[in-house]
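Peer 1: one predicted model, sequence on top.
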Amino acid sequence: MPPEGHEAARLYDSFGASLYRYALMILANREAAEDVLQHVFVVLLDRGTRHIEDEERYLRRAVRNGCYSALRHEKARGAAPVDDALLEAIAADRPDVSEEDRLTLAAAIRQLPAEQREVLHLHVFAGWTFKDVAEITGESLNTAASRYRYAIEKLKAILTGLK
């Protein structure tokens, strides 16, 4: 394997699972998340890794761009299929949550817009600060914090309505 292949493999081993869960949270679809992640790493193999300063931020940005491109493509074709992918992301990031609570939470999170799911994932599940979230998403700090606040408010309303 050429040196770039070894480097891409190392990056995949280091960040692949986390990036996959990130794509799952945005897309709410396993197949689409897998496609985005595969595309990001194929491009990485083609272009190389020498120019990357902050590997995780670079890869998150690439996955984010791929996810929103996929969402635009699906919107143009019609409604995107939604599967139980969010359960996988929640289970991996929060193993302390019961199966019943995961199902309830996944159903509620699925009702959020992709941008709110993304910010929720980055802040709550991945542990990034709002400043980091703003840098990753290319939005202002206020926009990142607002999307999080709206997501939490909507989740509270959904979950309260279920009781």
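Peer 2: Happy to help now that I have it.
Peer 1: lowest-pLDDT helix or strand in the chain?
Peer 2: Here the helix or strand of the chain ranked lowest by mean pLDDT, DSSP states H and E is helix 85-93, holding a mean of 59.
Peer 1: residue 129 versus the closest residue in space to residue 58 that isn't next to it in sequence, what's the distance?
Peer 2: In space, and not counting its chain neighbours, residue 58 is closest to residue 52: 4.8 Å by C-beta to C-beta, 6 or more residues apart in numbering. (Each C-beta comes from the backbone N, C-alpha and C, glycine too.) From residue 52 over to residue 129 the distance is 21 Å, taken as C-beta to C-beta, to the nearest Å.
Peer 1: so between those two, which is more surrounded?
Peer 2: Higher neighbour count among residue 52 and residue 129: residue 52, with 16 against 12, using other C-beta atoms under 10 Å.
Peer 1: check which helix or strand covers the more buried one.
Peer 2: Residue 52 belongs to no helix or strand when assigned by DSSP states H and E.
Peer 1: and the gap between it and residue 141?
Peer 2: Using C-beta to C-beta, one obtains 24 Å as the distance from residue 52 to residue 141.
Peer 1: also residue 19?
Peer 2: 23 Å.
Peer 1: same check on residue 161?
Peer 2: 31 Å.
Peer 1: what's the answer for residue 44, then?
Peer 2: 29 Å.
Peer 1: the two: which has the busier surroundings?
Peer 2: Taking neighbours as other C-beta under 10 Å, residue 44 and residue 141 compare with residue 44 leading, 21 against 14.
Peer 1: the closest residue to that one other than its chain neighbours: what's it in contact with?
Peer 2: The shortest distance from residue 44 to any non-neighbouring residue, by C-beta to C-beta, 6+ apart, is to residue 8 (5.1 Å). Residues in contact with residue 8 (C-beta atoms under 8 Å, 6 or more residues apart in numbering) are 41, 44, 45, 49.
Peer 1: from the residues you listed, pick the one nearest residue 104.
Peer 2: residue 41 (33.4 Å; C-beta to C-beta).
Peer 1: wait, the closest one sits on residue 12?
Peer 2: Yes: Residue 41 is within contact range of residue 12, at 5.8 Å (criterion: C-beta atoms under 8 Å).
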